[in-house]
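K.L.:
Dropping the sequence and predicted coords here.
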Amino acid sequence: MSQQLDIENDPFLVLLTDALRAGPGSPQWHEAVAKLKTSAEPVDEYQLLIEARQALESGKDYRSVRAGPGFTRKLLNDIERQKPSGVRARGIPVASLTALLAGAVIVIVAAILVFELYPRTNPTPSPGAKGIEDLASTYFPDTVLSSTFEMGIPSAWRTLGGLPLECRDGLRAAAADVQPGNYVGGGVVSIDSFSADQPFSALVTIRIGKPEETLIPQVFVTNSSDFSSDRAVSSGIELVWQLKGGQQQAVSGGDIKSHASLPAHSPTLSVRLVVNHDLAVMECNGHRLWAGPNAFGDKPRYLGVRFLRTAGTASGQITVQSIRVQKPS
């Protein structure tokens with residue numbers, strides 16, 4: 001065993017210790033090896049290496065490396081940046097969020113391009129929509145028929161059906177005995193017809209003292225002059241406004257097309273039917289109830305009012321005050 005080495009004071013051993021710390025291939029290592037080769041004294045280089053290594057491993061404090069200022073803070077920052085793979089960071093990583101936003105932008109741009117470049121056709125308006133609005137806004141300055149029923153039924157009208165009529169403060173239905181499940185009708189219809197090629201507007205004023213289920217007033221236009229003798233219903237196509245209880249209804253071809261409640265606090269109703277060759281508009285007190293094809297074809301049209309009475313007692317407080325028909329100039 002060689003003499004005890006003085007690791008802390010021998011310059012050569014200091015150099016050798018630095019070489020061991022730096023490792024083979026380092027400048028310190030090459031310097032120590034060169035020093036050994038040029039030494040004039042007999043040196044057991046292997047023994048020196050072993051003892052220097054043992055001195056290092058024994059924990060001697062010679063030339064130990066200590067943490068400098070700010071070392072702890074830098075170390076913690078590095079640990080925070082290099083988290084273990086098994087630990088997930090809270091929230092969405094910035095890189096992932098950026099990728100998501102970029103993807104969303106690409107999708108939006110692609111959708112805009114498809115929308116702009118895809119061939120499209122202009123939406124087709126519903127059949128007759130423009131024609132209906134044109135008809136509803138048509139001006140009818142010329143009055144061709146105007147009737148009140150204070151003094152009886154004017155000569156421009158003929159009576160219909162099996163239900164008797166009265167002229168007291170207007171045209172109204174008289175009392176009648178009607179069997180349960182049945183009904184009887186009566187009314188008046190214009191003697192002169194209206195050409196299919198000539199539009200017209202009919203305004204009928206009706207006073208409603210009390211809406212009733214057993215008495216149904218109707219304003220109608222039909223393309224036939226043939227009516228049943230008991231119910232006053234034509235054999236052709238009818239467009240009908242009617243009031244059943246508190247509900248007004250638009251009926252075309254026997255089907256209820258629309259319905260609405262009576263206008264509030266309005267004992268007088270102004271029912272307006274506007275008809276041309278193909279279309280019709282139905283209004284009550286200025287509010288549209290229905291509009292659409294009239295299905296009358298090329299046949300002439302007839303205007304009328306009628307009452308339908310079912311079984312039960314009616315007060316007779318529904319009267320037709322006036323009828324006015326107008327045409328454009």
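P.N.:
Perfect, thanks for sending it.
K.L.:
from here on, contacts and neighbour counts on C-alpha atoms
P.N.:
OK.
K.L.:
Can you give me the domain boundaries for the chain?
P.N.:
Domain ranges of the chain: 1-65, 141-327, per automatic domain parsing.
K.L.:
what is the rounded mean pLDDT of the last one?
P.N.:
If I follow you right, that is domain 141-327. Throughout domain 141-327, pLDDT has a mean value of 94.
K.L.:
Distance across that domain, terminal residue to terminal residue?
P.N.:
Start-to-end span of domain 141-327 (C-alpha to C-alpha, to the nearest Å) is 6 Å.
K.L.:
What sits closest to Ala176 if chain neighbours are left out?
P.N.:
In this structure, Ala176 finds its nearest non-sequential neighbour in Leu163, 6.8 Å apart by C-alpha to C-alpha, 6 or more residues apart in numbering.
K.L.:
And for Gly254?
P.N.:
Using C-alpha to C-alpha, 6+ apart, the closest residue to Gly254 is Glu238 (7.4 Å).
K.L.:
Tell me what that neighbour is bridged to.
P.N.:
Beta-bridge pairing of Glu238, defined through DSSP bridges, involves Thr222.
K.L.:
was I right about it contacting Ile256?
P.N.:
No: contact criterion C-alpha atoms under 8 Å: Glu238 and Ile256 do not qualify, at 11.6 Å.
K.L.:
which of the two has more neighbours?
P.N.:
With neighbours defined as other C-alpha atoms under 10 Å, Glu238 and Ile256 compare such that Glu238 has more, 24 against 12.
K.L.:
what's the more buried one in contact with, if anything?
P.N.:
Going by C-alpha atoms under 8 Å, 6 or more residues apart in numbering, Glu238 touches Phe220, Val221, Thr222, Asn223, Val251, Ser252, Gly253, Gly254.
K.L.:
can you rerun that using 10 Å?
P.N.:
219-224, 251-254, 294-296, 301-303 (C-alpha atoms under 10 Å, 6 or more residues apart in numbering).
K.L.:
any idea how far it is from Gly253?
P.N.:
6 Å.
K.L.:
next one: Ala99
P.N.:
For Ala99, the distance to Gly253 - C-alpha to C-alpha - is 63 Å.
K.L.:
Same question for Val189.
P.N.:
Counting by C-alpha to C-alpha, the gap from Val189 to Gly253 is 18 Å.
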